[in-house]
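**Q** whatever this is, show me its structure:
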Amino acid sequence: DDLLLGLTLAAMREQIAGLPADAVAIARQRKPAHEGIGKLGLDGYTNQELIKMRTERSGCSVCQELHAVGADGVGRATHFLSWWLGTPLEDVMTALEGYEAAHPEEAPIYWWVCDFSFNQNKLSDPATKD
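**A** Residues are numbered from 1 along each chain as shown. Down below sits the predicted model:
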């Protein structure tokens with residue numbers, strides 16, 4: 001059931017707003033061989049690397065952590081997002097806002113987004129594969 005959790009747009013924005021100002025530099029330092037990190041600014045690659053740091057102790061996904069404490073903005077995913085991780089996060093949020101504005105009848109929407117729904121510490125890193 002944990003893989004079925006998603007976040008509202010507001011909850012995702014809150015998570016992104018909590019990233020440090022130097023998030024791209026931190027992610028690049030942690031993964032110097034990954035050339036895609038932060039090429040266009042704060043992106044999915046950067047976000048995933050910072051999520052790994054944040055959730056390392058709990059061993060959970062962001063959705064699992066939020067669900068465990070009864071936080072607002074997490075629930076069973078109603079919509080799935082497929083995207084290129086090099087896309088700037090602000091562009092992704094703007095696209096989701098546009099979708100939600102065009103489909104108010106679908107509210108509340110809980111987005112399944114790999115960054116937040118997968119346990120980032122349990123995924124293999126394609127940049128380190130032979």
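
**Q** got the contact list for the helix or strand where Asn47 lies?
**A** Using DSSP states H and E, Asn47 sits in helix 44-55. Helix 44-55 is touched from outside by 16, 19-20, 23-24, 26-27, 30-31, 34, 36-38, 61-62, 65, 83-87, 89, 92, 114-116, 119-121, with contacts defined as C-beta atoms under 8 Å, 6 or more residues apart in numbering. (Glycine included, C-beta is placed from N, CA and C.)

**Q** so which bits of it are buried?
**A** For helix 44-55, a neighbour-count test (16 or more other C-beta atoms under 10 Å) marks Gly44, Tyr45, Thr46, Asn47, Gln48, Glu49, Leu50, Ile51, Lys52, Arg54, Thr55 as buried.

**Q** swap in stretch 27-36?
**A** Quick answer for stretch 27-36 (16+ other C-beta under 10 Å): Ala27, Arg28, Lys31, His34.

**Q** picking up where we left off before, buried only: go through the contacts of helix 44-55 for me.
**A** Buried by 16+ other C-beta under 10 Å: 16, 19, 23-24, 26-27, 31, 34, 37-38, 61-62, 65, 83, 85, 89, 92, 114-116, 119-121, out of those.

**Q** hang on, the earlier thing: how far off centre is the helix holding Asn47?
**A** A distance of 8 Å separates the centroid of the chain from that of helix 44-55, by C-alpha atoms, centre = their mean, to the nearest Å.
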